[in-house]
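Q: Predicted model, plus sequence, below.
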Amino acid sequence: MAAAAAVAFGIRTMLLLAICMLPLSSVEAMVRHYKFNVVMKNATKLCSTKPIVTVNGKFPGPTIYAREDDTVLVKVVNHVKYNLSIHWHGVKQLRTGWADGPAYITQCPIEPGQAYVYNFTLTGQRGTLWWHSHILWLRATVHGALVILPKLGVPYPFPKPNREQVIILSEWWKSDTEAIINEALKSGLAPNVSDAHTINGHVGPIQGCSSKAGLTVKVKAGESYLLRIINGALNEELFFKVAGHKFTVVEVDATYIKPFNTNTIVIAPGQTTNVLLKANHKIGNFLLAASPFMDAPIPVDNRTATATLHYQGTLASTVTTLTSLPPTNATAVSTAFTESLRSLNSKEYPARVPLKVDHNLLFTVGLGNAPCATCVNGTRLVADINNVTFVMPKISLLQAKFFNIKGVFTDDFSANPPALFNFTGSQVTNLRTTKGTRVYRVGYNSTIQLVLQDTGMITPENHPIHLHGFNFFVVGKGKGNFNPNKDTQKFNLVDPVERNTVGVPFGGWVAIRFRADNPGVWFMHCHLEIHTTWGLKMAFVVDNGKGPNESLLPPPSDLPKC
Ligand SMILES: *[C@@H]1O[C@H](CO)[C@@H](O)[C@H](O)[C@H]1NC(C)=O
Ligand SMILES: *[C@@H]1O[C@H](CO)[C@@H](O)[C@H](O)[C@H]1NC(C)=O
Ligand SMILES: *[C@@H]1O[C@H](CO)[C@@H](O)[C@H](O)[C@H]1NC(C)=O
Ligand SMILES: *[C@@H]1O[C@H](CO)[C@@H](O)[C@H](O)[C@H]1NC(C)=O
Ligand SMILES: *[C@@H]1O[C@H](CO)[C@@H](O)[C@H](O)[C@H]1NC(C)=O
Ligand SMILES: *[C@@H]1O[C@H](CO)[C@@H](O)[C@H](O)[C@H]1NC(C)=O
Ligand SMILES: *[C@@H]1O[C@H](CO)[C@@H](O)[C@H](O)[C@H]1NC(C)=O
Ligand SMILES: *[C@@H]1O[C@H](CO)[C@@H](O)[C@H](O)[C@H]1NC(C)=O
Ligand SMILES: *[C@@H]1O[C@H](CO)[C@@H](O)[C@H](O)[C@H]1NC(C)=O
Ligand SMILES: *[C@@H]1O[C@H](CO)[C@@H](O)[C@H](O)[C@H]1NC(C)=O
Ligand SMILES: *[C@@H]1O[C@H](CO)[C@@H](O)[C@H](O)[C@H]1NC(C)=O
Ligand SMILES: [Cu+2]
C-alpha cells in the first residue's frame, strides 16, 4: 500500500512538473530570477520564414511562474533594433511603478544594446496574468503568461485540477506589424486586419499554409484541466470554444469569481480567464477554436483559429469533432458571458468595493479625426477620452512627477466631458478633438467612481479599457447614455467582478470603482492597440500618502534614460 502510494505520488509529481515546469520549491516568498533576451527569430510555427521579435527566441514567450508574495526580477536585454519596454499586465506594482513598463509613462524605453531589471513583488494577487511589450506594436509577438500560484499550502477555492495548461490567443500578420501600423498612420485610415489568429503561436491549417499543423492539447479521460486563457491579440475580442465540452469559469484577471458553466468564453485583448474543463469523453479528438467578436460595422479578421483536444488512446486517424462558433456580431452571447461574472466575495476573498466616492468621473471614449493634408481623406483617424487625444511625452510621466520636472504634463484632465450631448447618437458633425498630455490627479487612498461612456462620433464600438496599478470593480453597465439618477441605484456594490480590463459596450457605458492606494502614475487606455496608437489613453497620478509605506520607492539605478 505504502509503496503504491509513493509511486502514485511520484508519478503525480512528475506529471505536474512536466506540465507546468514549476521550479517552485517548498520555500515561501522567494526571489525568482528570469532573463529575457529580446532577439529576432524565424517563427517556424507561423506560415512564413519572416523573422519576428521574440523573447528568448520563443513565440509566445516564456511563462513566468511564481507564488503570491514572491519577488520577481526579470533582466530584459534588448538585442533588436527597436526600442523596448515590458509591461506586467495586471500586476499591481505596489509602490514599484518603475517596474510597470509602459514606455514614456513609467520609464524611458530600453534602447538597442541596453538592459533593465524589472523588480516587483506579487502582493495580494494570485491567478493568471501576462506580460507584453508596451511600445510600438511589438506586443504582437513579444508576450507570454505570468502564472501566480497561491501561497504555499493555500488551495484553490475550486476543485483541484489534475493538470494545467496555458492557452494564449493572438493575431498574426504576414507583413511586419510595424509596417502595418506605419502604413495606417501614413494613410490616416484603419490598419489592415490580421491574416490569422493563433493558439499558442500556431497559425494552424489556414489557406495557403496547409502544411502547418495546429496545437494539440493532450488529455486523459476522467481528468480535469485548468485552462489559463489569455487574449494577446492586438485588436480583436475573441470567442473561444471546445467541441463537446463545457467550461466552468473560475477566475478572470487573477481574481476568483463565483463559478458558472458555459460553452463559450468571450475574452477581450488584455483579459485573462481561467476555466476548468473536465475530460468527460472516453476517447476522441475535439476542435478547440477561437474567432472574433465585433458588433460594430468594422472589418475584422474573421478567420477561426483551431487546435485539437486529443484524448490519450485515440487513433491519429480519428475524425475531429467540430464545433460552430457564434457569428461575429453575437452581442447576446458576449453580454450573457459578461453578465455572469461575479466576485467570489468569500470570507477568504472578500470584494472590498468602495462604498463612498471621493471622485465622481464621467469619461467619454471614442474616435474622432484630425486634419492631415497628406492622408487619403485629408483627415486621419484619432481617438480620445473626454475629447482629449493623448500626446506621448518625451520623458516618462513618472520621472517627471518624481523629479518634479515641469512642462511634461498638466494635471487638468477634466472629470467630465467638455460638452454633454447624445453620446451614442450620431448627430455630432464636428469630429475634431483637443491634443494634450493631461493627467487626473488624486490623493492617496481616495476612492474613484469612473463611468466610461462610448460615443458614436465616428461609430459606436466596444472598447476594452485597461487600468494599470489597480484592479477595479465593475459596478454597472448599460446601453445608451449613462443616467446618474436612474443607473446609480442599480449598481452592484456587493459582489461585482473585480478586474483590470473591461469592455465599454458598443453604444453604452460601464461604471467602475477603485481605491487609489498605490502612489505613482498609472496609465489607462483602450487595449485595442490601434485605438491606443490613435490616442485613446490618459493617466492617473496618485500622490504619496503620509504613512511609512505610502510613498513611491525611489527609481532603480539602471532605470533607462531618455
Ligand atoms: C531566417 O529566414 C531568413 C529569410 O527569410 C533567412 O535568410 C535566414 O537564414 C533564416 N535564419 C535562420 C536562423 O533560419
Ligand atoms: C528590488 O527592489 C527592492 C525594493 O522593493 C529592493 O530592496 C531590492 O534590493 C531590489 N533588488 C534588486 C536586485 O535590485
Ligand atoms: C495592406 O493590405 C493591402 C491590400 O491587401 C496591401 O496592398 C498592403 O500591402 C498591405 N500592407 C502591408 C503593410 O502589408
Ligand atoms: C470573411 O471576410 C471576408 C472579407 O471581408 C469575406 O470575403 C468572407 O466571406 C468572410 N468569411 C466569413 C466566414 O464570414
Ligand atoms: C449579424 O449579422 C448577420 C449577417 O450580416 C445579420 O443577418 C444579423 O442580423 C446580425 N445579427 C445581429 C444580432 O445584429
Ligand atoms: C476615407 O476614405 C476611405 C477610402 O477612400 C473611404 O472608404 C471612407 O469612407 C472615407 N472616410 C471618410 C470619413 O471620409
Ligand atoms: C440618442 O441617439 C440615439 C441613436 O441615434 C437615439 O436612438 C436616441 O433616441 C437619442 N436620444 C436622445 C435623448 O435624443
Ligand atoms: C472637441 O474639441 C474640439 C477642439 O477644441 C472642438 O472643436 C470640438 O467641438 C470638441 N468636441 C466635443 C464633442 O466636445
Ligand atoms: C484608506 O481608507 C479606508 C476607508 O476610509 C480606511 O479604512 C483605510 O485604513 C485607509 N487606508 C490607509 C492605508 O490609509
Ligand atoms: C511597512 O512595510 C514593512 C515591510 O513590508 C513592514 O515590515 C512594516 O510593518 C510596514 N509598516 C507599517 C506601518 O505598515
Ligand atoms: C528610442 O528611445 C530614445 C529615448 O527615448 C529616443 O531618443 C529614440 O529616438 C528612440 N528611437 C527610436 C528609433 O524611436
Ligand atoms: Cu478602443
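A: That came through, no problem. All values reported here derive from a predicted model rather than from experimental measurement. Ligands and ions are numbered 1, 2, ... in the order given.
Q: Without its sequence neighbours, what residue ends up closest to the closest residue to ligand 7 within the chain?
A: Closest to ligand 7 within the chain is Gly425: 2.8 Å, counting by CB to the nearest ligand atom. For glycine as for every other residue, the C-beta is placed from the backbone atoms N, C-alpha and C. Residue nearest to Gly425 in three dimensions, not counting chain neighbours: Gly456, with 5.8 Å by CB to CB, 6 or more residues apart in numbering.
Q: now do Ala268
A: Per CB to CB, 6+ apart, closest to Ala268 is Pro464, 3.6 Å.
Q: Give me the neighbour count for the one you found.
A: Neighbours of Pro464 under the rule other CB atoms under 10 Å: 20.
Q: how close does the residue in the stretch 151-300 of the chain positioned nearest to ligand 12 get to Asn404?
A: Here the residue of the stretch 151-300 of the chain nearest ligand 12 is Asn235; by CB to the ion that distance is 8.8 Å. In this view, Asn235 and Asn404 are 37 Å apart by CB to CB, to the nearest Å.
Q: Can you tell me the SS state at the closest residue to ligand 5 within the stretch 451-562 of the chain?
A: Across the stretch 451-562 of the chain, the shortest distance to ligand 5 (CB to the nearest ligand atom) belongs to Phe506, at 10.4 Å. Taking DSSP: H, G, I helix; E, B strand; the rest coil as the rule, one finds Phe506 in the coil state.
Q: Run a quick check on it versus Pro460, I expect a contact.
A: Yes. Counting by CB atoms under 8 Å, Pro460 is a contact partner of Phe506 at 5.1 Å.
Q: Pull up the overlap in contacts between the two.
A: Common neighbours of Phe506 and Pro460 (criterion: CB atoms under 8 Å, 6 or more residues apart in numbering): Ala296, Asp454.
Q: And those two? Which one has more around it.
A: A count of neighbours by other CB under 10 Å puts Pro460 above the other of Phe506 and Pro460, at 23 against 20.
Q: Give me the distance between the closest residue to that one other than its chain neighbours and Lys490.
A: In this structure, Pro460 finds its nearest non-sequential neighbour in Gly507, 3.8 Å apart by CB to CB, 6+ apart. Distance of Gly507 to Lys490, given as CB to CB: 18 Å.
Q: try Gly443
A: 29 Å.
Q: one step back: which one of Gly507 and Lys490 is surrounded by more residues?
A: Gly507 (21 against 11).
Q: Contacts only, for that one.
A: Here Gly507 is in contact with Thr424, Asp454, Gly456, Pro460, Lys479, Gly480 (CB under 8 Å, 6+ apart).
Q: how about those, which pair is most distant?
A: Farthest pair in these (CB to CB) is Gly456 and Lys479. Separation: 12.1 Å.
Q: Can you pull the residues that touch both of these two?
A: Joint contacts of Gly456 and Lys479 (CB under 8 Å, 6+ apart) are Thr424, Gly507.
Q: and those two? which has more neighbours close in?
A: The neighbour count for Gly456 versus Lys479, taken as other CB under 10 Å, is higher for Gly456 (19 against 12).
Q: Can you classify that one by secondary structure?
A: For Gly456, the assignment made with three-state DSSP gives coil.
Q: Repeat that for the one 5 residues further on.
A: Secondary structure of Glu461, reduced to three states by three-state DSSP: coil.
Q: Isn't it up against Thr455?
A: No. Applying CB under 8 Å, one finds Glu461 not in contact with Thr455, separated by 9.2 Å.
Q: out of those two, which sits in the busier spot?
A: Thr455 (27 against 24).
Q: Name all residues that make contact with that one.
A: Thr364, Val365, Gly366, Leu367, Phe423, Thr424, Val428.
Q: what's the third one sitting at in phi/psi?
A: Looking back up the chat, that one is Gly366. phi 180, psi -170 (degrees, to the nearest 10).
Q: ok, what's across the strand from it?
A: Asp384 (DSSP bridges).
Q: Begin at 63 from now on, thanks
A: Yes, from this point I'll number from 63; that puts the last item at Gly428.
Q: Pretty sure it sits against Met519.
A: Yes. Shown here, Gly428 and Met519 form a contact pair, counting by CB under 8 Å, at 5.0 Å.
Q: And the residue in the stretch 513-624 of the chain positioned nearest to ligand 3, its phi and psi?
A: With CB to the nearest ligand atom, the shortest gap between the stretch 513-624 of the chain and ligand 3 falls at Ile592, namely 13.7 Å. Dihedral angles of Ile592 (phi, psi; degrees, to the nearest 10) stand at phi -70, psi -40.
Q: which residues sit in contact with it?
A: So Ile592 contacts Ile243, Ala246, Ala252, Pro253, Leu296, Asn297 (CB under 8 Å, 6+ apart).
Q: give me that answer again for 10 Å
A: Going by CB atoms under 10 Å, 6 or more residues apart in numbering, Ile592 touches Trp199, Ile242, Ile243, Ala246, Ala252, Pro253, Leu296, Asn297, Leu429, Leu443, Ala445, Leu598.
Q: Just list the residues touching the first one, thanks.
A: Taking CB under 10 Å, 6+ apart as the definition of contact, the neighbours of Trp199 are 115, 144, 235, 238-244, 246, 253, 296-297, 591-592, 594-595.
Q: For ChimeraX, write the selection for the buried entries among these.
A: Buried residues among the contacts of Trp199 (16 or more other CB atoms under 10 Å), as a ChimeraX selection:
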select :115,144,235,239,242,243,246,253,296,297,591,592,594,595
